[in-house]
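A.B. asks: coords below, sequence missing:
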C-alpha cells in the first residue's frame, strides 16, 4: 500500500465507472455496496470524479475533481454534498478508518 495516500474507492461520471481497490476486497459486502451506491449517486448528482482515500495518518478523505472544461460540474454542490456525507455516514467512515489502521498493521 502507498505510504502517502491509499485509494479506497472512486467513481467517475465521465467514464460511468466505479472502482474498489483490491486491498479492500475483504470488506463486508454490505459496506462495499453502500460505498458503491454513495459514490455513484454523488457523481450522478454533482458530476466529476469522487475518490475516497486514506492519508498517511489513516484519515479518510473525500476528494472530488472535475475536468477543467466541465461546465456541468457543481463545485459548490460538491462541497455541500461532502459535508452532508461526512455527517450522514460518520459511523461508516469511522469504521473504515479503524479497518484501515488494522489492515496497515497487518501488512
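C.D. replies: That came through, no problem. All values reported here derive from a predicted model rather than from experimental measurement.

A.B. asks: so the most centrally placed residue in the chain bridges to which residues?
C.D. replies: In the chain, the C-alpha nearest the mean C-alpha coordinate belongs to residue 52, at 2.3 Å (CA atoms, centre = their mean). Bridge pairing for residue 52 (DSSP bridges) gives the partners residue 9, residue 62.

A.B. asks: Low-confidence stretches in the chain?
C.D. replies: For the chain, the stretches flagged by pLDDT under 70 are 1-3, 106-107.

A.B. asks: Let's see that with 90 instead.
C.D. replies: Applying pLDDT under 90 to the chain flags residues 1-4, 103-107.

A.B. asks: now the helices: where do they sit in it?
C.D. replies: Secondary structure of the chain (DSSP state H): helices at 29-46, 75-88, 90-106.

A.B. asks: re earlier: the residue nearest to the centre of the chain contacts residue 5, doesn't it?
C.D. replies: No: the pair residue 52 / residue 5 is not scored as a contact, 10.7 Å apart, by CB atoms under 8 Å. No exception for glycine: its C-beta is placed from N, CA and C like everyone else's.

A.B. asks: how much space between residue 67 and residue 40?
C.D. replies: Residue 67 is 18 Å from residue 40, where distance means CB to CB, to the nearest Å.

A.B. asks: ok, the residue nearest to the centre of the chain - contacts?
C.D. replies: 7, 8, 9, 10, 35, 39, 60, 61, 62, 63 (CB atoms under 8 Å, 6 or more residues apart in numbering).

A.B. asks: Residue 26 too?
C.D. replies: residue 103.

A.B. asks: now do residue 15
C.D. replies: Contacts of residue 15 (CB under 8 Å, 6+ apart): none.
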